[in-house]
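Q: predicted model and sequence below, questions to follow.
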Amino acid sequence: MFYYKIHESHAGYLIAACDKSICGKTLKSKGLEFHVNPRFYKDKTASPTQMKKLLQIASSANLIGKDVVQLAVDLGLIDKENVIKIQGIPHAQVVVVQL
């Protein structure tokens, strides 16, 4: 299960999503601190099936967590080589460009 929040802008929908198990945690790696802030990531919960649907309609996404990032990789939205790890936790951002 995942937490997610939809942030709406003139450019479309940003889906911020994280694995439930890391919401609220602060990750540290190589002098970097990344707080998985509930105010940004936590509004509703989604199953993997629901998250797939959300990611397919998003204009951009900010994802953190092993399971949610893997889901986006499986959907072809992210290449594995573009995923960074913070304290061993995968993080990726997606921007959909329509020409």
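A: Okay, I see it.
Q: when you work out contacts or count neighbours from here on, use the C-alpha atoms and nothing else.
A: OK.
Q: so who does the residue most central in space within the chain touch?
A: Centroid check for the chain by CA atoms, centre = their mean gives residue 63 as the closest residue, at 1.3 Å. Residue 63 sits next to 16-18, 69, 91-93 when contact means CA atoms under 8 Å, 6 or more residues apart in numbering.
Q: tell me the one among those nearest to residue 27.
A: residue 91 (11.0 Å; CA to CA).
Q: what does the model give the closest one for pLDDT?
A: If you check residue 91, the pLDDT there is 98.
Q: and residue 21, by the same measure?
A: pLDDT at residue 21 comes out at 98.
Q: residue 96 too?
A: 80.
Q: show me what contacts it?
A: Counted by CA under 8 Å, 6+ apart, residue 96 has contacts 58-60.
Q: looking at these, spot the one nearest residue 30.
A: Once CA to CA is applied, the member of these that ends up nearest residue 30 is residue 60, at 26.7 Å.
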